[in-house]
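> Build me a structure from this.
(2 chains)
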Protein chains: 2
Amino acid sequence: MRLYLALAILLANAEAAGPDEAIVAARAFRDANGPEIIADFAALLRIPNVAEDPDGLRRNAAHIAAIFEARGFIMRALEIEGAAPLVVGERKVAGATRTIALYAHYDGQPVAAADWTTPPFEPALYSRSKSDGGERIAFPREGASVDADWRLYARSASDDKAPMIALAAALDALDRAGIAPTSNILLVFDGEEEAGSDHLPQYLRDHRALFEDVDLWLFCDGPKHQSGAPQLVFGVRGVTGLEITVYGPNRGLHSGHYGNWAPGPGWRLARLLATMKDDDGRVLIKDFYKSATPLTKADRKAVAAMPAIDGDLRWIFGLAETEMENAPLAERILLPALNLHGLKSAEVGAAAANVIPPTATASLGLRLVPGNDPDEMLDLVEAHIRRQGYFIVREDPDAKTRAAHPLIAKIARASGYPAVRSSIDDRAFAPLIAALRAAAGDRLVLAPMLGGSLPLYMFREASNAPIVILPIANFDNNQHAADENIRIGDLFDGVDAYAAALTMK
Amino acid sequence: MRLYLALAILLANAEAAGPDEAIVAARAFRDANGPEIIADFAALLRIPNVAEDPDGLRRNAAHIAAIFEARGFIMRALEIEGAAPLVVGERKVAGATRTIALYAHYDGQPVAAADWTTPPFEPALYSRSKSDGGERIAFPREGASVDADWRLYARSASDDKAPMIALAAALDALDRAGIAPTSNILLVFDGEEEAGSDHLPQYLRDHRALFEDVDLWLFCDGPKHQSGAPQLVFGVRGVTGLEITVYGPNRGLHSGHYGNWAPGPGWRLARLLATMKDDDGRVLIKDFYKSATPLTKADRKAVAAMPAIDGDLRWIFGLAETEMENAPLAERILLPALNLHGLKSAEVGAAAANVIPPTATASLGLRLVPGNDPDEMLDLVEAHIRRQGYFIVREDPDAKTRAAHPLIAKIARASGYPAVRSSIDDRAFAPLIAALRAAAGDRLVLAPMLGGSLPLYMFREASNAPIVILPIANFDNNQHAADENIRIGDLFDGVDAYAAALTMK
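This next block holds a predicted model:
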């Protein structure tokens, strides 16, 4: 009887509560429960989540489903044979007239474990960033205070398990304070984002009914603005890539006996790559910049209003100059990019041998903007390679092919997807912008584009609802690289942001 | 009593015996004992011999000393602290008025075990070359016949343990036939050749008396001529090298968020390397070809007389064209070479991540000809890199250095040594040429230079005796690369060649 009465009071309060109250509740909750939030996070980060380990991905999916089942969600693991499960969850809110869908992904980038100072799947807490001289510290005991500058190191600490833990804490904070969300909530947790989300379109098609009532898509991924300010981002670059292998002799040859007779594949690759991008960073491939959709007036205005950060970033990243004579990052990411992710030919360092290697390989990534078709952009790169005199193959060449063509390039094209950009002045975004300003004030940055890629195009195809990205990770999180980390203060600010978003008017 | 009589008869025979009889004895011996020679060789090849494994090198040294102690040599392992032992052995021959020194090395090139189809230190016998469809076969039992086209695969099967086993068999053949060598024999087995023979000059200085009576240095290393013919080689290229690391951001950056803003180190390295060598294979570094000593008339005549092999080699190695518009290999190796041994930046293939890597590294090797000073040649390369706008460092740059210089190259210079070329018409070579012609007839090739490198300069400094190289390995032995091998027929022809050389008039 007493319990029912208490619940009735809470529900009565709940109707009156909005972002301001939610943010107070979130701050109180994470002040009181910091060590538990960090411990829960570490438990999730211990489960390996790389594409080559499907069992690890499934264990992540099960762990995450349990987290949200405990918070009142009906969770399901959708399945396609050969794919990582798409984990979805629903929580209906009495009286809610709107459904918001929150997307995050539980898979992580591949790890080159040798490059990590602590193992990628053994979460390690540091007093501050390792690169700022942080020292390893023990995980805090219950009731201990937590420092905002602490860093938790592990693969996916920021990209992209942090939103899941912050969201779980926000839900706990609201539930304990008796504040109800103002929207029905649909969770969508992808297990293949870093591998290109190949099965997501089919998941969305196969379960169309799940998504048709969504009123707003909130994408929980990516880093905050480099100024440290929270941001809402209204678009993402698309992505594709290719791997180029060029050939020397069909076996490794002694570099003394055959050196300056047998052509070296590394020289060929270097000369080929040198034709693709100039010293300033301008891509030299014909028509590479041609198909990009021009920016709107609102986009240009938003870019102009973004905080100036380039000088600081150059210092932080140890760069005397950046591309195109220090052109601003906010402008550069509005253009398609050609990135060289990796180079390999035989060995360097102590393992190098006196050999003319048989092959040299470059792994190239493209980032795309609205207007760029992924396949057409790869066609442009291939046409450029052909213009340099290369015969293009899809498999290693046989003896006849080798004898016929001095320059042979094997090209393996990656799957990819296009960019998406929403209109910043779409009225559907207004309640969310207001809620996040309640948490962050005028610091909130409205950015037309994220430099990184998310498969937003799939949701645009599956649903008419507007799409926006709410990142919570510190920008210096080493996303996609060794020593990925989250700053604890940013994780906790994320709790506030989600609490505000879940209670927007 | 009977034994003494037999020995007296043998010694009487021995005085009359020369290369012709020795070759008959060698052929009879290896026809009868092929399986045992192969088994002895496999036992030696099972002992790992890479520079990073000093214990393995010592086990090789001990094993080799035992082989020659069993054949009447007084063996010693000379020592310098921190160095692999120099294994030396002496066998005096009654009445001999000449001492020949035979050099070989027991260390091998580093192995990238993942590239081998059978493990580098588990010798594997094949019916013929793996690349010609050879199949793995069991080692033959005693008394079984042996096929000349068999291949034995292992690190150092050709470079450079083969000469040791062929020499041991030649000694057995002579001893069993009662044929005495015509020269005193000094064995010199280096354990650091593939690492640059850094301690060899000191060994030669510290033990000068050992070497002062040498009348002829016979270097047992390298491959036979590519025509398959045996050869004597009167010079070697020198060698040096350097490793160049260029820099991007001081940590891996997400290629979406920072792609076409942060400069990629792979692009920089590609553009730098592209300035060093043109499409035809011409080195573009200023003065790279300037210091080379011109060829003598005898050298030019010998080059002109060498068998034509380039077309066959291009087909075998899968090359439609070779450098400088198919200029002959025999001419190309008379020039200094700039080889690209390895390239590395982050990862390619399945391990590639969407990252702008912090560094890109190239491992470069130089091959030198008479007149080239190793240090001066590296100076030319460094000056070229400076002319491309690079600031050169010896350690990874700190933040201040990074902020001051857009283009930074770390250069690690390898130790090296100069080329050596003897005069083909030196009269000291005449008895050896005659002995080898007894085994090989007119097929014997006289080559001014080996493309590969041996530390002959050290012996030229330590001794006035003429120097010549007698290689026995098949040219397609994958020396320095994965799947190194020896063709059994070539190993056995080497037994004949050593038997002839040991009995030259």
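> which sections of the stretch 301-450 of chain A are below the confidence cut-off?
Applying pLDDT under 70 to the stretch 301-450 of chain A flags no residue at all.
> What residues does the stretch 151-300 of chain A have near chain B?
For the stretch 151-300 of chain A, the contact set with chain B under Cβ under 8 Å from any Cβ of the partner chain comprises A:194, A:222-223, A:237, A:239, A:243, A:247-264, A:266-267, A:269-274, A:276-277, A:279, A:281, A:283. No exception for glycine: its C-beta is placed from N, CA and C like everyone else's.
> Which of those residues are buried, as a ChimeraX select command?
Buried members of these, defined by 16 or more other Cβ atoms under 10 Å in any protein chain shown, are picked up in ChimeraX with:
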select /A:194,222,223,237,239,243,247,248,249,250,251,252,253,254,255,256,257,258,259,260,261,262,263,264,266,267,269,270,271,272,273,274,276,277,281,283
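> Select from the residues of the stretch 151-300 of chain A next to chain B every entry located in strands.
Under the assignment DSSP state E, these contribute A:237, A:239, A:243, A:247, A:253-254 to strands.
> In CSV: these, plus pLDDT.
CSV is the format used below for those (pLDDT from 0 to 100):
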residue, pLDDT
A:Arg237, 95
A:Val239, 95
A:Glu243, 98
A:Tyr247, 98
A:Leu253, 95
A:His254, 91
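> I'd like to know which of the residues you listed is nearest to A:Thr359.
Closest to A:Thr359 out of these is A:Tyr247 (5.8 Å), distances taken as Cβ to Cβ.
> Correct me if wrong: that closest one contacts A:Pro357.
No: using Cβ atoms under 8 Å, A:Tyr247 makes no contact with A:Pro357, being 9.7 Å away.
> Tell me the residues that contact both of those two, please.
Residues touching both A:Tyr247 and A:Pro357 (Cβ atoms under 8 Å, 6 or more residues apart in numbering or on different chains): A:Pro265.
> And the ones in strands among the residues of the stretch 151-300 of chain A next to chain B, which is closest to chain B?
Comparing those against chain B with Cβ to the nearest Cβ places A:His254 closest, at 4.6 Å.
> right, and A:Asp215 touches A:Ala465 too?
Yes: applying Cβ under 8 Å, one finds A:Asp215 in contact with A:Ala465, separated by 5.5 Å.
> ok, now how distant is the most centrally placed residue in chain A from A:Phe73?
Nearest to the mean C-alpha position of chain A, counting by Cα atoms, centre = their mean, stands A:Gly222 at 4.6 Å. Per Cβ to Cβ, to the nearest Å, A:Gly222 is found 24 Å from A:Phe73.
> Repeat that for A:Asp55.
Between A:Asp55 and A:Phe73 the computed distance is 24 Å (Cβ to Cβ).
> ok, now A:Ala305?
In terms of Cβ to Cβ, A:Ala305 sits 37 Å off from A:Phe73.
> And for A:Leu329?
Computed with Cβ to Cβ, the distance linking A:Leu329 and A:Phe73 is 37 Å.
> what's the answer for A:Lys130, then?
From A:Lys130 over to A:Phe73 the distance is 35 Å, taken as Cβ to Cβ.
> do the same with A:Asp175
Using Cβ to Cβ, A:Asp175 is found at 12 Å from A:Phe73.
> quick one, which of the two is more surrounded?
Legend: neighbour count by other Cβ atoms under 10 Å in any protein chain shown for A:Asp175 and A:Phe73, higher for A:Phe73 (19 against 16).
> for chain A, longest helix please?
Longest helix in chain A by number of residues (criterion: DSSP state H): helix A:19-45.
> Mind listing what's buried along the following helix or strand past that helix?
Downstream of helix A:19-45, the next assigned helix or strand under DSSP states H and E is helix A:54-69. Using 16+ other Cβ under 10 Å as the test for burial, helix A:54-69 gives A:56-57, A:60-61, A:63-65, A:67-68.
> Please verify my assumption that A:Pro307 contacts A:Ala447.
No: contact between A:Pro307 and A:Ala447 fails when scored by Cβ under 8 Å: they sit 10.4 Å apart.
> now the strands for the stretch 101-250 of chain A?
A:124-126, A:136-137, A:151-153, A:184-190, A:216-219, A:231-233, A:235-247 (DSSP state E, counting those that start in this stretch).
> could I get the ones you listed as TSV with distance to A:Ile23?
Shown next, in TSV, are the strands of the stretch 101-250 of chain A (distance: least, Cβ to Cβ, whole Å):
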stretch	distance to A:Ile23
strand A:124-126	26
strand A:136-137	28
strand A:151-153	23
strand A:184-190	18
strand A:216-219	17
strand A:231-233	16
strand A:235-247	27
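> check contacts around the closest residue to A:Leu319 other than its chain neighbours.
Leaving aside its sequence neighbours, A:Leu319 sits nearest to B:Pro249 (Cβ to Cβ, 6 or more residues apart in numbering or on different chains; 5.9 Å). B:Pro249 sits next to A:317-319, B:258, B:262, B:356, B:358 when contact means Cβ under 8 Å, 6+ apart.
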